[in-house]
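Undergrad: The sequence isn't on hand, but the structure is:
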């Protein structure tokens with residue numbers, strides 16, 4: 001579901017969830033940052049990059065193609081390879097630029113259009129952005145980067161549902177079913193740890209040492225792997241399977257992910273020990289676990 005609108009934020013039409021027209025199935029998700037000074041836009045773009053794993057694109061530096069900056073931006077996005085999440089700085093900010101944006105990038109999912117408000121930003125900028133039919137957030141000029149990000153966090157942070165239950169309770173099975181039928185991503189904390197250990201390297205070897213010594217892998221390590229997974233997620237709604245398992249886990253998550261994710265709910269799957277044991281024995285015949 002869409003988050004509550006941050007103070008000073010509005011949507012238009014029926015696109016309150018932050019999707020631009022034609023965004024269904026789009027491979028790009030963007031945050032538009034307009035108005036204010038170049039330094040303010042860059043600072044907010046840096047926050048979006050650090051907290052959400054987005055790439056930053058200063059559209060004011062992109063040359064128009066065939067007289068259209070929108071086509072220039074579209075070409076830059078197409079040349080980005082596998083990158084699909086961007087903070088677009090400085091454009092669009094006028095009615096004509098918004099029409100150019102809509103014509104050149106009809107399938108882009110605009111999560112939020114942030115406009116710095118104050119003497120340096122014409123009121124027309126805010127009015128123009130509303131024509132994108134996406135949430136718009138007003139950010140006071142002179143705001144710290146952290147305060148500016150707080151004004152848009154409700155629209156851009158990943159929505160996380162924690163799926164918990166005993167081993168063999170069906171966490172992975174249910175998550176796979178949901179992710180196959182809905183636009184949500186599924187990440188298993190255990191699978192991420194096993195994959196990182198198998199990959200080797202400094203972190204993988206560190207995980208292996210903890211396991212060899214019979215110790216629990218520090219929560220900070222698991223949280224970092226989950227953060228990396230969210231950064232690569234093609235969806236904004238994410239199912240996290242098998243985490244958190246303790247209060248320490250939750251503290252580590254809140255400490256490192258406060259600006260990255262919004263916790264939607266916790267789903268606990270209840271299952272008898274007899275059923276779980278039977279499932280685990282059956283799974284062990286083929287999984288090697």
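TA: Nice, I can see it. All figures in this text were calculated on a predicted structure; none of them were measured in a lab.

Undergrad: which residues of this protein fall in helices?
TA: 38-52, 69-78, 95-104, 123-130, 145-156, 171-181, 189-199, 201-212, 219-231, 247-257, 273-287 (DSSP state H).

Undergrad: Can you pull the phi/psi pair for residue 246?
TA: Note on residue 246: backbone dihedrals following degrees, to the nearest 10 are phi -160, psi 170.

Undergrad: What separation is there between it and residue 222?
TA: Distance from residue 246 to residue 222, counting by C-beta to C-beta, to the nearest Å: 11 Å. Yep, even glycine has a C-beta here, placed from its N, CA and C like the rest.

Undergrad: what does residue 236 give?
TA: 21 Å.

Undergrad: what do you get for residue 230?
TA: Going from residue 230 to residue 222 by C-beta to C-beta gives 13 Å.

Undergrad: just residue 129 next, same as before
TA: Distance from residue 129 to residue 222, by C-beta to C-beta: 39 Å.

Undergrad: what bits of the stretch 101-250 of the chain have low per-residue confidence?
TA: 120-124 (pLDDT under 70).

Undergrad: One more pass at 90, please.
TA: Residues of the stretch 101-250 of the chain meeting the criterion pLDDT under 90: 107, 117-133, 166-170, 172-173, 190, 200-204, 206, 210-217, 234, 245.

Undergrad: Show me what residue 34 is bridged to.
TA: residue 115 (DSSP bridges).

Undergrad: oh, I was asking about residue 158
TA: Here residue 158, judged by DSSP bridges, has bridge partners residue 261.

Undergrad: I'd like to know how many residues surround it.
TA: The number of residues packed near residue 158 is 24, by other C-beta atoms under 10 Å.

Undergrad: same question, residue 100
TA: 21.

Undergrad: try residue 177
TA: Neighbour count of residue 177, defined by other C-beta under 10 Å: 12.

Undergrad: same thing with residue 144?
TA: Using other C-beta under 10 Å: residue 144 sits among 12 other residues.

Undergrad: mind checking how far residue 100 is from residue 240?
TA: Residue 100 is 39 Å from residue 240, by C-beta to C-beta.

Undergrad: and if you look at residue 112?
TA: 23 Å.

Undergrad: cool, residue 200 as well?
TA: Residue 200 sits at a distance of 24 Å from residue 240 (criterion: C-beta to C-beta).

Undergrad: The two - which one has more neighbours?
TA: A side-by-side neighbour count of residue 200 and residue 240, using other C-beta under 10 Å, places residue 240 first with 27 against 11.

Undergrad: which of residue 129 and residue 222 has more neighbours?
TA: Neighbours were counted for residue 129 and for residue 222 using other C-beta under 10 Å; residue 129 has more, 31 against 24.

Undergrad: got the contact list for the more buried one?
TA: 32, 34, 92-93, 98, 113, 115, 136 (C-beta atoms under 8 Å, 6 or more residues apart in numbering).

Undergrad: ok, and the most crowded of those residues?
TA: Counting by other C-beta under 10 Å, top hit in those: residue 113 with 32 neighbours.

Undergrad: how far away is that one from residue 98?
TA: For residue 113 relative to residue 98 (C-beta to C-beta), the value is 9 Å.

Undergrad: Pull up the overlap in contacts between the two.
TA: 129, 132.

Undergrad: For residue 68, see how far away the spatially most central residue of the chain is.
TA: Most central in the chain under C-alpha atoms, centre = their mean is residue 158, positioned 4.2 Å from the mean C-alpha point. Distance, residue 158 to residue 68, by C-beta to C-beta: 32 Å.

Undergrad: and what of residue 253?
TA: 44 Å.

Undergrad: Next up, the contacts around the nearest residue to residue 276 once chain neighbours are set aside.
TA: In this structure, residue 276 finds its nearest non-sequential neighbour in residue 168, 3.7 Å apart by C-beta to C-beta, 6 or more residues apart in numbering. By C-beta under 8 Å, 6+ apart, residue 168 lies in contact with 271, 275-280, 283.
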